[in-house]
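Next come a sequence and a model predicted from it.
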Amino acid sequence: MIRLRIDVDYLYPSRIRSFIHTISNLKIGKDYLKNSKILARMINDSPEEVQAYWFFTNRTIPDRDLLALINNPKHVVALHVVNDPKRELAQLEKATMTKVNHYTIHGTARLFARVLWRRKLGEAVAKIPDDFQLKSFHEYPTLPLDKLCYVCSTEQTVKAAEKYVARGEVLEVHPEWLFQRGTINHRGPYYETLRRILKTDKELETLAVRKKLFFKIATDTQEYARDVIPTDAFVRKLGERGIDIFTFIERKWCNNISDLPNSWLKAEDNLALLHVTTFDEWWKNIGKKTRNMVRKAEKMGVRTDIALRNERLAEGIWRIYNETPIRQERAFPHYGVSLQSVTQSVISTIDCTFISASFQDELAGFIQLIHGDKIAIVSQILSLQRHADKAVNNALIAKAVEFCAENKIGWIMYGRIGNHPSLDRFKQSNGFAKLPLARFYIPLTRKGRFAARMGLHRELKDALPQSIKYPLFPLYNWISRRKALARHRKQ
């Protein structure tokens with residue numbers, strides 16, 4: 001069983017608003033106990049056996065919505081003593097109509113906190129009378145998850161928490177640190193750690209969030225591999241987690257989305273897509289020049305195979321990554337990566353196939369295909385620049401088409417068309433065509449709606465017409481190269 005101790009010290013995700021409420025007892029805004037409600041839903045949705053002990057202060061009495069969420073055997077209402085144990089116990093039992101059996105003591109080590117909670121300046125903790133009828137929860141060994149998340153990675157924290165759980169010990173959290181990182185308090189965001197422990201919110205596993213100007217925009221990293229159709233529950237979770245806009249594509253080659261809400265915004269997007277039937281059909285449809293390039297690679301001794309994901313492949317990829325800091329006239333993001341990092345990535349990656357191109361027993365190039373629903377996605381295709389005269393990439397594309405045809409994979413996706421002229425020509429010469437499709441944006445918050453009204457939700461490179469964008473590419477490439485070279489000189 002996973003046992004959680006949840007100390008509800010403050011009402012709001014915002015520390016300042018929580019302090020104001022603690023002093024004045026005034027409710028400010030609509031996000032009363034917001035993080036506590038998120039935690040309660042996570043626990044309720046968890047397939048694991050969970051017992052959550054909720055320790056409420058006299059300033060964090062649960063409202064009707066939170067009481068409804070914790071009204072099941074997974075949850076236990078308990079008391080977090082601030083000043084007067086007996087009075088606060090009576091107040092909590094009356095408000096929750098629940099018999100309380102456990103207590104913890106709210107600590108106020110700092111002078112500011114003692115003033116905030118109206119405690120005597122010489123008292124760090126409240127005094128518990130000898131005849132107090134509740135059982136202390138402090139006797140149970142606990143692991144402060146939010147403190148551990150401040151100093152350790154998610155993977156390290158999950159491993160430590162799993163050991164504690166296996167020993168029957170308690171995980172301790174504070175709702176206010178669910179998503180934010182403290183400085184004075186030395187507590188870190190523990191949402192991702194707890195999500196993994198509880199095995200919940202599976203639909204958010206592949207979510208990628210980035211800050212853009214003043215708002216947060218999220219995408220599903222698997223949006224090209226599978227259909228993403230947001231449900232009301234999914235959208236609510238995103239809003240609760242501070243996402244302002246969610247964006248996704250319509251995979252129109254597989255599925256059309258109907259009955260769209262009026263609040264969803266629509267923009268044009270595209271893919272470089274190749275429809276695969278048979279290898280012979282693809283061979284006939286590509287141009288003579290491309291066929292000659294594939295033949296040239298074979299005549300010069302380039303051999304393509306389905307690669308085993310092992311250390312030898314990882315070392316070959318690492319050598320390709322570190323051959324040059326500049327590729328296709330732009331800074332190459334993988335330059336300088338360590339062999340250990342590449343090895344871990346290659347061996348641990350799932351749902352993908354690596355195709356290798358070898359020349360004289362050396363990895364001259366590779367292509368990584370990510371497997372999705374009815375599609376294979378070209379995640380990477382790279383080759384050594386010193387073998388540029390051997391048409392390695394053409395040979396890799398040919399092998400990828402052969403692989404997909406043999407395995408009944410109907411589509412190959414190779415990024416987009418319109419953001420790199422020379423790469424666009426390579427894609428089109430190998431049979432990829434531009435497929436227009438719809439990208440949707442869902443504003444979730446007031447900030448998101450404002451950003452959408454101002455047109456800030458779209459990327460500048462997508463909003464600009466080709467007639468303006470293409471002449472700017474040389475400038476963009478030059479800036480990219482200069483930044484990369486300056487960065488590497490500092491290292």
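Cool, got the structure.

so where do the helices sit in the stretch 151-300 of the chain?
With helices called from DSSP state H, counting those that start in this stretch, the stretch 151-300 of the chain shows them at 154-166, 191-198, 232-240, 279-285, 288-299.

Relative to I20, which of the ones you listed is closest?
helix 232-240 (21.9 Å; C-beta to C-beta). From N, CA and C alone the C-beta is placed, and that goes for glycine too.

Count the neighbours of K163 for me.
Neighbour count for K163, taken as other C-beta atoms under 10 Å: 11.

Could you check how far it is from L143?
Using C-beta to C-beta, to the nearest Å, K163 is found at 9 Å from L143.

tell me the contacts of E172?
For E172, the contact set (C-beta atoms under 8 Å, 6 or more residues apart in numbering) comprises 4-7, 142-146.

who does it bridge with?
R5, P144 (DSSP bridges).

Show me where the chain dips below the pLDDT cut-off.
Counting by pLDDT under 70, the chain has low-confidence residues at 108-124, 461, 463-466, 469-470, 476, 484-491.

among the contacts of E172, which ones are buried?
For these, a neighbour count by 16 or more other C-beta atoms under 10 Å gives the buried set as 4-7, 142-146.

quick one, what contacts K99?
E93.

can you check L89 too?
Residues near L89 by C-beta under 8 Å, 6+ apart: 79, 100, 103, 134.

Quickly find the element holding the first one.
Going back to what we said before, that points to L79. Remark: L79 resides in strand 75-81, with elements defined by DSSP states H and E.

Likewise for the third one?
When secondary structure is defined by DSSP H and E, Y103 falls within strand 102-105.

Quick check, K447 in contact with I217.
No: using C-beta atoms under 8 Å, K447 is not in contact with I217; the gap is 10.5 Å.

Give the residues shared as contacts by the two.
Counting by C-beta under 8 Å, 6+ apart, the residues touching both K447 and I217 are D244.

And these two? Which one has more around it.
More crowded of K447 and I217, by other C-beta under 10 Å: I217, with 22 against 16.

Can you tell me who the more buried one pairs with across the strands?
Per DSSP bridges, the residues bridged to I217 are R210, I245.

Hmm, it is touching L238, no?
No: taking C-beta under 8 Å as the definition, I217 is not a contact partner of L238, at 10.6 Å.

Please identify every residue contacting each of these two.
By C-beta under 8 Å, 6+ apart, the residues touching both I217 and L238 are F246.

contacting residues for the nearest residue to K34 once chain neighbours are set aside?
Spatial nearest neighbour of K34, chain neighbours left out: P13 (5.9 Å); criterion: C-beta to C-beta, 6 or more residues apart in numbering. Counting by C-beta under 8 Å, 6+ apart, P13 makes contact with 31, 34-35, 176, 178-180.

of all those residues, which comes closest to F354?
Once C-beta to C-beta is applied, the member of the contacts of P13 that ends up nearest F354 is F179, at 36.0 Å.

Can you name the element that comes right after the helix or strand where L423 lies?
For L423, the enclosing helix or strand under DSSP H and E is helix 421-429. Scanning forward in sequence from helix 421-429 by DSSP H and E, the next helix or strand is strand 433-443.

Mind giving me the packing neighbours of that next one?
strand 245-249, strand 265-275, helix 446-453 (3 or more C-beta pairs under 8 Å, 6 or more residues apart in numbering; DSSP states H and E).

Show me what the longest one is packed up against.
Translated: strand 265-275. strand 411-413, helix 421-429, strand 433-443.

Tell me which of these is the most buried.
strand 411-413 (a mean of 23; mean count of other C-beta atoms under 10 Å).

what's that one packed up against?
strand 265-275, strand 375-383, helix 392-406.

Go again with 10 Å.
Under the contact criterion of 3 or more C-beta pairs under 10 Å, 6 or more residues apart in numbering; DSSP states H and E, strand 411-413 touches strand 265-275, strand 362-372, strand 375-383, helix 392-406.

ok, how many other residues are close to the closest residue to A78 other than its chain neighbours?
Leaving aside its chain neighbours, A78 sits nearest to H102 (4.2 Å; criterion: C-beta to C-beta, 6+ apart). Using other C-beta under 10 Å, H102 is surrounded by 18 other residues.

H102: what's it in contact with?
5, 53-55, 76-79, 134-138, 140 (C-beta atoms under 10 Å, 6 or more residues apart in numbering).

Same check on I38?
Counting by C-beta under 10 Å, 6+ apart, I38 touches 13, 69, 175, 178-179, 191, 201, 237, 240-241.

if we can go back for a sec, using a markdown table, lay out the helices and strands packed on strand 411-413 together with distance to R17 and mean neighbour count.
Shown next, in a markdown table, are these (distance: least, C-beta to C-beta, whole Å; neighbours: other C-beta atoms under 10 Å):
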| stretch | distance to R17 | mean neighbour count |
| --- | --- | --- |
| strand 265-275 | 31 | 18 |
| strand 362-372 | 43 | 21 |
| strand 375-383 | 43 | 20 |
| helix 392-406 | 54 | 22 |
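
for those, which one sits closest to R251?
For the helices and strands packed on strand 411-413, the distance to R251 is smallest for strand 375-383, at 8.1 Å, taking C-beta to C-beta.

Specify the angle between that closest one and strand 362-372 in degrees.
Put simply, strand 375-383 runs at 160 degrees to strand 362-372, going by axes from the mean of the first three to the mean of the last three C-alpha atoms, to 10 degrees.

list the helices and strands strand 375-383 packs on?
Packing partners of strand 375-383 (3+ C-beta pairs under 10 Å, 6+ apart): strand 265-275, helix 311-321, strand 352-359, strand 362-372, helix 392-406, strand 411-413, helix 421-429.

try 8 Å
Looks like strand 375-383 contacts helix 311-321, strand 352-359, strand 362-372, helix 392-406, strand 411-413 (3+ C-beta pairs under 8 Å, 6+ apart).

ok, the helix or strand following the first one: who's next to it in the sheet?
In this case it means helix 311-321. Next in sequence after helix 311-321, counting helices and strands by DSSP H and E, comes strand 326-327. Here strand 326-327 has these sheet partners by DSSP bridges: strand 330-331 (antiparallel).

Show me what the following helix or strand past the partner strand is packed against.
For strand 330-331, the following helix or strand on the C-terminal side (DSSP H and E) is helix 339-348. When contacts are defined as 3+ C-beta pairs under 8 Å, 6+ apart, helix 339-348 packs onto helix 311-321.
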